[in-house]
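> I'll drop the sequence and a predicted model, then ask my questions.
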Amino acid sequence: MITKEKEELLRNYNLGLTAYKQRKWDEAINAFEKALRIDAADGPSNVYLDRSRKYKDNPPPDDWDGVFVMTTK
């Protein structure tokens, strides 16, 4: 059974992911931060929060398909 907390975390994560794919960086950042207030150790929310912040400062090209390309190991 899923807890109310986990349900809220997932709701915020999904809102963030949708905003991320639509290049709505502020909305994505807000949603991932809300998810992390519920569980600071949530790996996917941490990853996408970091990427959203980076893309806000340095947007991907117009033909971006949502794929993140690692440039360092």
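Good, I have the coordinates.
> This structure: helices as residue ranges?
Using DSSP state H, the helices found in the chain span residues 4-21, 25-38, 43-57.
> nearest to residue 71, of those?
helix 43-57 (10.9 Å; C-beta to C-beta). All C-beta spots, glycine's among them, are computed from the backbone N, C-alpha and C.
> returning to what we had before: so which of the helices of the chain has the densest surroundings on average?
Compared across these, helix 25-38 shows the largest average neighbour count, a mean of 19 (mean count of other C-beta atoms under 10 Å).
> which residues touch it?
Outside helix 25-38, the residues that touch it by C-beta atoms under 8 Å, 6 or more residues apart in numbering are 5, 8-9, 12-13, 15-17, 19-20, 42, 45-46, 48-49, 52-53, 55-56, 59.
> hmm, back to that, just send the helices of the chain back as CSV, with mean pLDDT and distance to residue 72 too.
Listed next are those as CSV, based on pLDDT from 0 to 100; distance: least, C-beta to C-beta, whole Å:
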stretch, mean pLDDT, distance to residue 72
helix 4-21, 97, 21
helix 25-38, 98, 22
helix 43-57, 97, 13
